[in-house]
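A.B. asks: Build the 3D model from these lines:
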Amino acid sequence: MSDVIFVEQQHLLVASDTQPQVVETVREVMVVAVADQGPPGPPGEPGPSGGDVLTITAPVAIGGHRVIAAVGDEIHYADPDDIATAQVIGLTVNAAGPGDELEVVLRGSVTNSSWSWAPGLPLYLGANGVLTQSPPSPAAAWVRVLGTALSATRILFNPLSPIATSA
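C.D. replies: Numbers count the residues shown, from 1 in each chain. Here you go, the predicted structure:
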């Protein structure tokens, strides 16, 4: 338990022999003992792995840990050979069937125990929305760095702007 003592001192300025005038009040704080940590509060609800997450209803069967894109009013796997899929929505966290909830990470940390990334290297978009650490071929319609591998099983999904490679 801590004790805190407040000591108040007043500085006076005498304007005349009969009436003193207060110029300022100074408050000093002295901590007598260091406080102990209190008990922890109740745990909150589990949240996503970090970053921005969007929950949508899957219009079709969508695989987990795939990059999806908006093509008009439809959702497709993003693909470097299809410039129409350059409008990336995000990375799916789970697989979902038509009508099921699909969690999509827009930005942030994502962990998957089946990954085996080389830490520190960028992540690119491969065919059918699959992440890869190999840059797309020069014949690809567009290139986009989608993040960085933080460890073998954890990435930072942070899409940069797409770059069109063909006219």
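A.B. asks: Show me how this structure divides into domains.
C.D. replies: 1-35, 52-164 (automatic domain parsing).
A.B. asks: Highest mean neighbour count out of those?
C.D. replies: domain 52-164 (a mean of 16; mean count of other Cβ atoms under 10 Å). C-beta here means a position set from N, CA and C on the backbone, and glycine is covered the same way.
A.B. asks: from memory Ile56 sits against Val105, does it?
C.D. replies: No - if you go by Cβ atoms under 8 Å, Ile56 and Val105 don't touch, sitting 12.0 Å apart.
A.B. asks: Now Ser113. Its backbone dihedrals?
C.D. replies: phi -70, psi -20 (degrees, to the nearest 10).
A.B. asks: wait, isn't it in contact with Thr153?
C.D. replies: Yes - between Ser113 and Thr153 there is a contact under Cβ under 8 Å: 5.5 Å.
A.B. asks: And what about the nearest residue to Pro98 once chain neighbours are set aside, helix, strand or coil?
C.D. replies: Nearest non-adjacent residue to Pro98, counting by Cβ to Cβ, 6 or more residues apart in numbering: Val60, 5.6 Å away. Following DSSP: H, G, I helix; E, B strand; the rest coil, the label given to Val60 is coil.
A.B. asks: Okay, strands next: where are they in the chain?
C.D. replies: 4-14, 20-31, 52-57, 67-71, 74-77, 88-92, 101-111, 122-125, 131-132, 142-143, 145-149, 154-157, 163-164 (DSSP state E).
A.B. asks: Residues in contact with the fifth one: which ones?
C.D. replies: By that I understand strand 74-77. 56, 58-60, 62-63, 66-69, 82, 84-85, 89, 128-129 (Cβ atoms under 8 Å, 6 or more residues apart in numbering).
A.B. asks: of all the residues you listed, which comes closest to Gly147?
C.D. replies: For the contacts of strand 74-77, the closest approach to Gly147 (Cβ to Cβ) belongs to Val67, at 10.0 Å.
A.B. asks: Show the contacting residues for Asn158.
C.D. replies: For Asn158, the contacting residues are Arg107, Gly108, Leu146, Gly147, Thr148, by Cβ under 8 Å, 6+ apart.
A.B. asks: redo that, cut-off 10 Å
C.D. replies: By Cβ atoms under 10 Å, 6 or more residues apart in numbering, the contact list for Asn158 reads Gly51, Leu106, Arg107, Gly108, Ser109, Leu123, Val145, Leu146, Gly147, Thr148.
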